[in-house]
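# give me a model of this one.
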Amino acid sequence: MEIDESYAGQTGPCAICAKAITIPHLGTAGAPVGNSPFAAPQPVSSADQSRMPLATIMLILGFSFAGLAILAICGGGVASVAVPAIQNARRTAQNQASHDNLKRIAEAMNSYHATYGAYPPAFTSDAQGQPQHSWRVLLLPFLGHQDIYSRYNMKLAWDDPQNLTILSEMPSVYRSFDDPLNTFFETRFVVIKGKETLFPDGGGVSQKDVKDDFETLLMVVEKNGPGISWTKPEDLTLNRDSLLIENDPENAATLNNSLTGNVVMADGEVFLLPDITKQNLMRDMATRSGDEEVYNELQLILSEPQY
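Below is the predicted model:
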């Protein structure tokens, strides 16, 4: 530190130790004269200059470990927020894909009704009453797949070798949301069969046979668990199969007979029903003429936050 020469010879208290000190006279080279305590220090070797004090090392290490700890805490906090957000975004996209497919299926159902005056039966049967062909096959011309339908032989059973040749041509509208490649050509879109539903044995239900509100009447639902070969005449049966809803695919892994909650109503509206939906309500919505008061309860559960 340089000291102005005008202060030389002046005495005053030291700012550090408070003892009286006198500013020495400086030589021409700027160094204190004689044996003054302010004499120039001895030169420091380059080795000494490069040596870092232990206290400094400890200080740096302390800040480093503290920084790593903060980073780990912040990183964990970010992950705890980001991972569920990514999962929810993926699930939302999957549900939207199912909704798009369900809406197309409902449109095909109504086109079938406009052509034949009734909804398709859940299945057609042979002379012995054995199920032969699924509604999913009957809808092919109304889904833009007349070419596949024309190669399917309605005189043979669905699992006849000739009909099995089209199994690999499953339309994407029947594809399960979590299996984009669908190696086994299975679907999870099913109807609910039963005497009181839109799909009684033998079919033939028209819109004039429906007494309940179309906006609260289930048409097609999506199931969890293993899929069904899309040409196979297999669906759910009211009062026999579970109508339990499980929205989380991971939890549904142990509930093969549950539903995803994705449904389309008879009026063409699609919903994601939450897993708080009671099975009694699902049953009431599956019947076409039960006169059940379900509208208010349905609106209530649809207003609940999802996930």
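# burial of residue 299, as a residue count?
Close neighbours of residue 299, defined as other C-beta atoms under 10 Å, add up to 10. The C-beta positions use only the backbone N, C-alpha and C, and glycine is treated the same way.
# list the buried ones in the one helix or strand it maps to?
Per DSSP states H and E, residue 299 falls inside helix 295-302. By neighbour count, and taking 16 or more other C-beta atoms under 10 Å as the criterion, the buried residues in helix 295-302 are 297-298, 301.
# check stretch 106-125 too.
Buried residues in stretch 106-125, counting neighbours by 16+ other C-beta under 10 Å, are found at 106, 108-110, 112-113, 118-124.
# just flag the most distant two among the residues you listed.
Between any two of those, the greatest separation by C-beta to C-beta is 20.6 Å, found for 106 and 124.
# count of residues packed around residue 150?
When neighbours are counted by other C-beta under 10 Å, residue 150 comes out with 10.
# and the gap between it and residue 294?
Residue 150 sits at a distance of 41 Å from residue 294 (criterion: C-beta to C-beta, to the nearest Å).
# equivalent analysis for residue 242, please.
From residue 242 over to residue 294 (counting by C-beta to C-beta), the distance is 19 Å.
# so for those two, which residue has more residues nearby?
Using other C-beta under 10 Å as the criterion, residue 242 and residue 294 rank with residue 294 on top: 21 against 14.
# spit out the contact partners of that one.
With contacts taken as C-beta atoms under 8 Å, 6 or more residues apart in numbering, residue 294 has the following neighbours: 216, 281, 284-285.
# return the closest of those residues with respect to residue 135.
The closest of these to residue 135 turns out to be residue 285 (C-beta to C-beta; 18.9 Å).
# pull the contacting residues for the nearest residue to that closest one once chain neighbours are set aside.
Once flanking residues are discounted, residue 285 sits nearest to residue 218: 4.8 Å by C-beta to C-beta, 6 or more residues apart in numbering. For residue 218, the residues meeting the contact criterion (C-beta under 8 Å, 6+ apart) are 192, 197-198, 263, 265-266, 282, 285-286.
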